[in-house]
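Enquirer: Sequence plus predicted model, see below.
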Amino acid sequence: MRSHDIVLWGCTGFTGSLVARYFAQTVAPQWPELRWALAGRSQAKLLKLAASLGGPPIIVADATLPDDVARVASNTRVLLSTAGPYTLYGSPLVEACAVYGTGYVDINGETGWHRQMIDKYDATARASGSVLVPSSGFDSIPSDLGAQWMAERVFERCGQPTRRISCYVSLKGEFSGGTIASSILSDEKFGADYLANPFLLGGMPQSGRMRDEHMDLTSAGFDEQIRSAVAPFGMAPINTRIVRRSVGLLEASDPKRAASLFSRDFCYRELALAPSAEVAAKMAKAASAPATKIKELVAKGRLPIPGQGPSAATRSQSWFQFTLIAEAADGSLQLAGKISGGDPGYDETAKMVAEAAVCLATQSAPPSQGGGFMTPATALGAPLRERLHVQGIRFEDMPVP
């Protein structure tokens, strides 16, 4: 029997400490039987954090030492990692979880690294029964669960699969230094052309056709469907890849259900809403800034460094809303829905990844795929969506705009 149900790795970092606090304040009272622990390199930092949270167990371990990683992964049911950049620090944890049949969730937005991990360890994870669910934070739970939810609603209403889902994003929030560092490293290591592949994580339509609408928006414009100025959404190159992977995994594991939800040429896209054409143009320019420019801003102190992030007061004023419009395959129906919550990048990300880990640790049966690299929608689906709704991340019907 393993000693822990969930181990939080990287919990002394900015986002990791928010996850640990959510566990202590929300998860532990609801799941008193759940055995969870804090893990990281610094014993002093772990002891200080644990003392502030009521004294959960701590595990001193270094992600660069294979014996430490194996000791932790083999002794817990689910490993929750917030230790990024994942391109630098995440691979040993993923490998160990795949080998030891341990569940895994993280908050990575590094699609190049994600692709590498699938190629290296998916077969191992399937053989051991390990279910790995990367990108279980704001990247990309609202997008992934939202697309699944909208397709289910369309089928329930008219018995048709969904041809297209457009997601329009509004938000107020700030980035942490760790998020910025991960973005810079990902761009430098893998290159813009590689990361621009809309099917980097899989999910090519069964029709085999890649259309212009599959490509990420790169300029400002006006969207007729929602009648608003729009701009590129910075997280779209992550979220859209996860949604497409979900569709591809479902087609492989449950073709009948996939055919009921998604048409052969299904398309998912994300755009940022803007109040005017002028603002949209500024947003587009910011979204296209190269890694060299971002590094320059960090060096000048205009952007935070790793370990720094928005204050509690700033986060309390932050929010997000996704407006999703889904179209049935035969064009007979359009439905709209919205997903909303508080501070997207940190408070709500902590909530999302914590609840994903709890769902994975407590689910009564493994996913139909059995094991391997999955997505929030394919591994956790409606149970996670329902838990998040109860915790304030709302999934609500709305009239078509």
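Expert: On my side now, so go ahead.
Enquirer: pLDDT wise, what is Val274 at?
Expert: Not Val; residue 274 is Ala. We have a pLDDT of 97 for Ala274.
Enquirer: any idea how far the spatially closest residue to it that is not a sequence neighbour lies from Leu65?
Expert: Leaving out its chain neighbours, the residue that sits closest to Ala274 by C-beta to C-beta, 6 or more residues apart in numbering is Ala280, at 3.7 Å. No exception for glycine: its C-beta is placed from N, CA and C like everyone else's. Taking C-beta to C-beta, to the nearest Å as the measure, Ala280 falls 48 Å from Leu65.
Enquirer: quick one on the thing from earlier: who's in contact with the residue nearest to Ala274?
Expert: Ala220, Gly221, Ala229, Val230, Ala231, Ala274 (C-beta atoms under 8 Å, 6 or more residues apart in numbering).
Enquirer: and it, what element?
Expert: Per DSSP states H and E: Ala280 is located in helix 277-287.
Enquirer: Could I get the buried residue list for that helix?
Expert: Ala280, Ala281, Met283, Ala284, Ala287 (16 or more other C-beta atoms under 10 Å).
Enquirer: If I take the helix or strand following it and helix 277-287, what angle do their directions form?
Expert: Following helix 277-287 in sequence order, the next helix or strand is helix 291-299 (DSSP H and E). Orientation check (axes from the mean of the first three to the mean of the last three C-alpha atoms, to 10 degrees): helix 291-299 against helix 277-287 gives 90 degrees.
Enquirer: which is the next helix or strand following helix 291-299?
Expert: That would be, after helix 291-299 and using DSSP H and E, helix 312-316.
Enquirer: the domain parsing of this structure - what is it?
Expert: 4-133, 141-343+382-398 (automatic domain parsing).
Enquirer: Tell me which of the ones you listed lies nearest to Ala350.
Expert: The closest of the domains of the chain to Ala350 is domain 4-133. By C-beta to C-beta, the value is 3.9 Å.
Enquirer: What's the end-to-end length of that closest one?
Expert: This stretch, domain 4-133, spans 19 Å end to end (C-alpha to C-alpha, to the nearest Å).
Enquirer: average pLDDT across that domain?
Expert: 97.
Enquirer: coming back round to it: closest to Lys45 among the buried residues of helix 277-287?
Expert: In terms of C-beta to C-beta, no member of the buried residues of helix 277-287 lies closer to Lys45 than Ala287, at 34.8 Å.
Enquirer: Let me see the confidence value for the closest one.
Expert: 82.
Enquirer: oh, and call the first residue 5 from now on, that's how I've got it
Expert: Noted, 5 is the first residue going forward, which turns the last one into Ala291.
Enquirer: give me every residue that touches it.
Expert: Ala291 touches Thr222, Ala235, Pro236, Phe237, Gly238, counting by C-beta under 8 Å, 6+ apart.
Enquirer: Excluding chain neighbours, give the residue nearest to the second one in space.
Expert: The shortest distance from Ala235 to any residue that is not its chain neighbour, by C-beta to C-beta, 6+ apart, is 3.7 Å, and that residue is Met287.
Enquirer: for Ser139, same thing?
Expert: Residue nearest to Ser139 in three dimensions, not counting chain neighbours: Ile246, with 5.3 Å by C-beta to C-beta, 6+ apart.
Enquirer: other SSEs contacting the strand or helix carrying the one you found?
Expert: Under the criterion of DSSP H and E, Ile246 resides in helix 240-257. Other helices and strands packing on helix 240-257, by 3 or more C-beta pairs under 8 Å, 6 or more residues apart in numbering; DSSP states H and E, are helix 115-132, helix 145-162, helix 259-265, strand 266-278, helix 380-383.
Enquirer: ok, the helix or strand following the first one: who's next to it in the sheet?
Expert: Read that as helix 115-132. Downstream of helix 115-132, the first helix or strand assigned by DSSP H and E is strand 135-137. For strand 135-137, the pairing partners within the sheet under DSSP bridges are strand 107-110 (parallel), strand 376-377 (parallel).
Enquirer: what does the shortest one rub up against?
Expert: Residues outside strand 376-377 that contact it (C-beta under 8 Å, 6+ apart) are Met121, Ile122, Tyr125, Asp126, Ala127, Ala129, Arg130, Ser134, Val135, Leu136, Pro138.
Enquirer: Distance of His118 relative to Thr91?
Expert: Applying C-beta to C-beta to His118 and Thr91 gives a distance of 10 Å.
Enquirer: between the two, which one's more packed in?
Expert: More crowded of His118 and Thr91, by other C-beta atoms under 10 Å: His118, with 27 against 19.
Enquirer: now that one: how far from Pro236?
Expert: Distance check for His118 against Pro236: by C-beta to C-beta, it reads 20 Å.
Enquirer: Could you do Gly113 as well?
Expert: On the measure of C-beta to C-beta, Gly113 and Pro236 end up 15 Å apart.
Enquirer: List the buried residues of the host helix or strand of Ala386.
Expert: Per DSSP H and E: Ala386 is located in helix 385-394. For helix 385-394, burial by neighbour count (16+ other C-beta under 10 Å) applies to Gly385, Leu388, Arg389, Arg391, Leu392.
Enquirer: for stretch 52-66, same thing?
Expert: Leu53, Ala54, Leu57, Pro60, Ile62, Ile63, Val64, Ala65.
Enquirer: How about stretch 68-82?
Expert: Buried, per 16+ other C-beta under 10 Å, within stretch 68-82: Asp72, Val73, Ala74, Val76, Ala77, Asn79, Thr80, Arg81, Val82.
Enquirer: And the fourth one, which helix or strand is it part of?
Expert: In this case it means Val76. Taking DSSP H and E as the criterion, Val76 maps to helix 70-77.
Enquirer: now what about that helix, what contacts it?
Expert: The contact list for helix 70-77 (C-beta under 8 Å, 6+ apart) reads 11, 13, 43, 63, 65-67, 83, 96-97, 99-101, 103-104, 106.
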